[in-house]
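# Sequence and predicted structure, then a few things I'm wondering about:
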Amino acid sequence: MKFGTYQVSRKGGREKNEDRMGYCYTRDSGLFALADGMGGHPEGEVASQLALQTLAAFFQKEAKTDLKDPQRFLQDAILAGHHQLLRYATDRGLTDTPRTTIVACVLQGGNIYWAHCGDSRLYLVRGDRLIARTRDHSYSELREALSHVVPLDEKVNRNVLFTCLGSPGKPVIDSAGPMVLRTGDRILLCSDGLWSSVEDPDIVKMMSEFPIHDSVPEIVEQALRNAGEKSDNVTALAVEWEASEDDDAAGNVSTRTLGEDVFASTIQASMSGDSFLPDIDDDEIERSIREINEAIQRSGPRKP
């Protein structure tokens with residue numbers, strides 16, 4: 001497996017940056033993820049970091065050296081992040097739970113799988129074409145989808161989401177894949193601070209015409225310029241499959257010579273030593289998996 005990466009995050013006009021991003025990989029599988037802590041709720045930076053920390057912990061446990069079922073993994077790991085947020089709030093007696101959006105993808109066996117909750121997006125660009133893009137879990141995007149069936153005149157604020165991690169109800173997690181990757185395919189994970197200020201055709205144009213280490217920082221800067229002084233946090237993580245650039249270039253990774261026990265991650269595994277996040281060990285992972293399986297069984301069809 002060979003890929004190139006570029007990632008950047010800018011605070012914009014906000015008091016603090018609540019976006020988080022990162023990736024993990026073994027010899028045969030790679031996980032890339034981005035989370036955007038939600039304003040209006042406490043500790044957005046905790047929500048996004050804890051969600052990614054949970055994903056990374058699950059990936060390290062399950063990818064030996066690949067995932068048996070990448071799509072199921074994404075569903076379970078993201079839902080486990082939701083459970084971790086609820087537990088975090090309960091353990092600390094918070095009146096409101098930290099919340100975050102999340103988008104993640106797995107590259108494995110020449111295929112891509114992805115899942116998301118909220119309005120952080122994934123774009124898949126092939127040549128000069130947009131092959132796939134996640135659909136936001138917002139009332140405005142839902143209204144647009146339904147407008148072809150039922151005429152709707154009322155305008156809806158695009159910032160209002162109907163699901164996220166940390167919400168009282170079970171989060172909606174949409175997933176897709178597998179989709180076969182081709183050499184040079186480019187994947188962009190980004191927060192709404194980017195796509196809300198740069199139109200999709202412009203994102204695709206820049207992603208297709210320039211290497212990711214040139215196009216991504218330019219897209220981010222354009223988003224900041226367009227949004228002005230009140231810009232949201234702008235965060236992007238880009239991946240080029242089977243990167244054709246110099247193998248020794250910064251951000252290029254080849255896993256072909258890695259041993260079976262090698263796990264690499266840019267997602268901090270634990271912040272408990274100097275911060276506020278709990279460790280996630282094997283027992284915690286097993287408990288989350290057990291809770292997920294029990295919830296699935298409870299929601300399944302009942303025997304008469």
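Sure thing, it's come through.
# Could you pull out the strands in the stretch 201-304 of the chain for me?
Per DSSP state E, counting those that start in this stretch, the stretch 201-304 of the chain carries strands over the ranges 234-241, 252-254, 264-265.
# Reformat the ones you listed as TSV; add mean pLDDT and mean neighbour count.
Quick note: C-beta positions are derived from backbone N, CA and C, even for glycine. As requested, the strands of the stretch 201-304 of the chain are arranged in TSV below (pLDDT from 0 to 100; neighbours: other C-beta atoms under 10 Å):
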stretch	mean pLDDT	mean neighbour count
strand 234-241	97	26
strand 252-254	91	15
strand 264-265	93	16
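# Switch those strands over to JSON lines; also include distance to residue 115.
Listed next are the strands of the stretch 201-304 of the chain as JSON lines, based on distance: least, C-beta to C-beta, whole Å:
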{"stretch": "strand 234-241", "distance to residue 115": "15"}
{"stretch": "strand 252-254", "distance to residue 115": "22"}
{"stretch": "strand 264-265", "distance to residue 115": "19"}
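# thinking residue 18 is in contact with residue 49, fair?
No. Using C-beta atoms under 8 Å, residue 18 is not in contact with residue 49; the gap is 9.0 Å.
# can you list the weak-confidence ranges in the stretch 101-250 of the chain?
The model of the stretch 101-250 of the chain has pLDDT under 70 over residues 140-159, 243-250.
# try 90 this time
Across the stretch 101-250 of the chain, the ranges flagged by pLDDT under 90 are 138-160, 230, 243-250.
# What ranges does it have for its helices?
Ranges of helices in the stretch 101-250 of the chain, per DSSP state H, counting those that start in this stretch, are 139-146, 192-195, 200-209, 212-227.
# Let me know which of those helices is tucked in deepest.
Stretch with highest mean neighbour count among the helices of the stretch 101-250 of the chain: helix 192-195 (a mean of 26; mean count of other C-beta atoms under 10 Å).
# List of residues touching it?
If you take C-beta atoms under 8 Å, 6 or more residues apart in numbering as the criterion, helix 192-195 is touched by 12, 19, 36, 101, 119-121, 136, 159, 203, 219-220, 223, 227, 231-236.
# nearest spatial neighbour of residue 182, skipping sequence neighbours?
residue 126 (6.2 Å; C-beta to C-beta, 6 or more residues apart in numbering).
# quick one: the one you found from residue 187, how far?
As for residue 126, its distance to residue 187 is 10 Å (criterion: C-beta to C-beta, to the nearest Å).
# quick one, which of these two is more surrounded?
Between residue 126 and residue 187, counted using other C-beta atoms under 10 Å, the more crowded position is residue 187 (25 against 16).
# for the residue nearest to residue 182, which residues make a bridge with it?
Beta bridges link residue 126 to residue 129, judged by DSSP bridges.
# what separates it from residue 204, distance-wise?
Distance from residue 126 to residue 204, by C-beta to C-beta: 10 Å.
# Next, the contact list for the residue nearest in space to the middle of the chain, please.
Geometric centre of the chain, nearest residue: residue 103, 2.3 Å, by C-alpha atoms, centre = their mean. Contact analysis of residue 103 by C-beta under 8 Å, 6+ apart lists 33-35, 114-118, 120-122, 134, 189.
# before we move on, what about residue 264?
24-26.
# Please name the bridge partners of it.
residue 25.
# Looks like residue 164 contacts residue 120 (just checking).
No. Checked against C-beta under 8 Å, the pair residue 164 and residue 120 is beyond contact range at 9.9 Å.
# Spit out the residues that contact those two alike.
Common neighbours of residue 164 and residue 120 (C-beta under 8 Å, 6+ apart) are residue 101.
# List the buried residues of stretch 37-53.
37-38, 41-53 (16 or more other C-beta atoms under 10 Å).
# Where helices are concerned, which of those count?
Using DSSP state H, the members of those that fall within helices are 44-53.
# Adding distance to residue 255 and pLDDT, write those out as a markdown table.
Output for those, formatted as a markdown table (distance: C-beta to C-beta, whole Å; pLDDT from 0 to 100):
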| residue | distance to residue 255 | pLDDT |
| --- | --- | --- |
| 44 | 33 | 92 |
| 45 | 30 | 93 |
| 46 | 31 | 93 |
| 47 | 30 | 96 |
| 48 | 26 | 96 |
| 49 | 25 | 94 |
| 50 | 27 | 95 |
| 51 | 25 | 96 |
| 52 | 20 | 96 |
| 53 | 22 | 94 |
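# quick one on the thing from earlier: what is the nearest of the contacts of residue 264 to residue 214?
Distances from residue 214 to the contacts of residue 264, taken as C-beta to C-beta, are shortest for residue 25 (23.5 Å).
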